[in-house]
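K.L.:
this one's sequence-less:
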């Protein structure tokens, strides 16, 4: 009878010992896993920090590109306004030049008419027919101009020269503005391409950052579960030890 009780006690002891051993094995296994997840968490934290720094750097580059584009767009817009104004000014100057040319022609016609009328009266139509208008003008035109239209023609010529000079200056201005706008368009296209490339880089980094955050949260959740499990195993181990006593 005593032998049976001893064997029963031994069996129970071995059973409890085996249970405790099993619990300790599980505790050690989960501690190792917890340690592993802790290391992974540290690595992920560092990766996220480095990635955040990289994202900030790329965002700064993106902001600079956008700023240059905005500045370039403003320059293009303002210089297009200047170009339109210069073209309108050239158009007005052309009209003015044509008007001055027409006025000059009218004065010349009046002068020739005056010469013909004068010689018609003094020399007769028959004599006028024998002379060319050029000869008549060569003979009398200077005196006639001095007496009648010298100042008027002089003013017209001065105005005409001023108009053509302003027209030439505006035409040069148009050429320079067109070259400048073309250059700005090239800059615009360059930075539009850079903006597109930079956006792709930022989107990729942001996506990667989200994945890291998701992985980090998964590790944290796993750590929390392991902490709870280790707590329960330690409680169970304590209970088994108490039951053995």
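P.N.:
Arrived safely. This one's a predicted model, so the numbers in the text were calculated from it and none came from an experiment.
K.L.:
per-residue confidence for the residue nearest in space to the middle of the chain?
P.N.:
Against the mean C-alpha coordinate of the chain, by Cα atoms, centre = their mean, the closest residue is residue 69 at 2.8 Å. pLDDT for residue 69: 96.
K.L.:
Next one: it from residue 202, what distance?
P.N.:
15 Å (Cβ to Cβ, to the nearest Å). Yep, even glycine has a C-beta here, placed from its N, CA and C like the rest.
K.L.:
just the helices in this protein please.
P.N.:
Here the chain has its helices, by DSSP state H, at 2-123, 125-130, 133-144, 150-244.
K.L.:
Can you flag the weakest of these by average pLDDT?
P.N.:
helix 125-130 (a mean of 49).
K.L.:
does residue 23 really touch residue 236, like I thought?
P.N.:
Yes. The pair residue 23 / residue 236 is scored as a contact, 5.6 Å apart, by Cβ atoms under 8 Å.
K.L.:
Compare the two and say which one has the larger neighbour count.
P.N.:
Each of residue 23 and residue 236 has its neighbours counted (other Cβ atoms under 10 Å); residue 23 has more, 20 against 16.
K.L.:
okay, now the residue nearest to residue 34 when sequence neighbours are not counted: neighbour count?
P.N.:
Using Cβ to Cβ, 6 or more residues apart in numbering and skipping residues adjacent in sequence, the residue nearest residue 34 is residue 226, 4.5 Å away. Neighbour count of residue 226, defined by other Cβ under 10 Å: 18.
K.L.:
In contact with residue 226, which residues?
P.N.:
30, 33, 34, 37 (Cβ atoms under 8 Å, 6 or more residues apart in numbering).
K.L.:
of the residues you listed, buried ones?
P.N.:
Among the contacts of residue 226, those buried by neighbour count (16 or more other Cβ atoms under 10 Å) are 30, 34, 37.
K.L.:
any idea how far the spatially closest residue to residue 219 that is not a sequence neighbour lies from residue 215?
P.N.:
Leaving out its chain neighbours, the residue that sits closest to residue 219 by Cβ to Cβ, 6+ apart is residue 41, at 4.8 Å. Distance of residue 41 to residue 215, given as Cβ to Cβ: 9 Å.
K.L.:
Residue 184 now?
P.N.:
46 Å.
K.L.:
if we look at stretch 28-36, which residues are touching it?
P.N.:
223, 226, 227, 229, 230, 233.
K.L.:
By neighbour count, which of those residues wins?
P.N.:
residue 233 (20 neighbours).
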